[in-house]
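*Asks:* have a look at this fold, sequence not included:
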């Protein structure tokens, strides 16, 4: 019998979130915007994929989470929910039968931590607006 999450590659926990920074387990310095996934985390550089407040979270951003083994995805819209999530991105996840949660950043961080206890979860976190 297998467990829901590989103990060797759990999703890192969020230690704290506040305006402009996300503290993540295993990282000495906080992130401003971050990608979290089973086995690790990294800076989320919007310029790499064309993500922006109005263009929203791009398919390429969530695809990277899936490549790292995420079976559930949490998308944060920012502290004031200024970051858009386009229908195309949500459809991409739905087509792959990936559960997705779209929330303001503080709520997204709390849900991500709860999900990470039992599932390989990935998340995109925007810590300002």
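*Replies:* Cool, the structure landed. Quick caveat, the model's predicted, so the values are computed rather than measured.
*Asks:* mind listing what's buried in the helix ranked longest in the chain?
*Replies:* When the chain is scanned for its longest helix (criterion: DSSP state H), the result is helix 105-116. The neighbour-count check on helix 105-116 (16 or more other C-beta atoms under 10 Å) flags 105, 108, 109, 111, 112, 113, 115, 116 as buried. Just so you know, the C-beta spots here come from the backbone N, C-alpha and C atoms, and that holds for glycine as well.
*Asks:* strands along the chain, start to end?
*Replies:* 14-18, 21-24, 33-37, 40-43, 72-76, 99-103, 121-126 (DSSP state E).
*Asks:* so can I have JSON lines of those showing distance to residue 52, mean neighbour count and mean pLDDT?
*Replies:* What follows is these, written out as JSON lines (distance: least, C-beta to C-beta, whole Å; neighbours: other C-beta atoms under 10 Å; pLDDT from 0 to 100):
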{"stretch": "strand 14-18", "distance to residue 52": "21", "mean neighbour count": "17", "mean pLDDT": "98"}
{"stretch": "strand 21-24", "distance to residue 52": "19", "mean neighbour count": "20", "mean pLDDT": "98"}
{"stretch": "strand 33-37", "distance to residue 52": "12", "mean neighbour count": "24", "mean pLDDT": "98"}
{"stretch": "strand 40-43", "distance to residue 52": "16", "mean neighbour count": "15", "mean pLDDT": "97"}
{"stretch": "strand 72-76", "distance to residue 52": "15", "mean neighbour count": "26", "mean pLDDT": "98"}
{"stretch": "strand 99-103", "distance to residue 52": "17", "mean neighbour count": "16", "mean pLDDT": "98"}
{"stretch": "strand 121-126", "distance to residue 52": "11", "mean neighbour count": "27", "mean pLDDT": "98"}
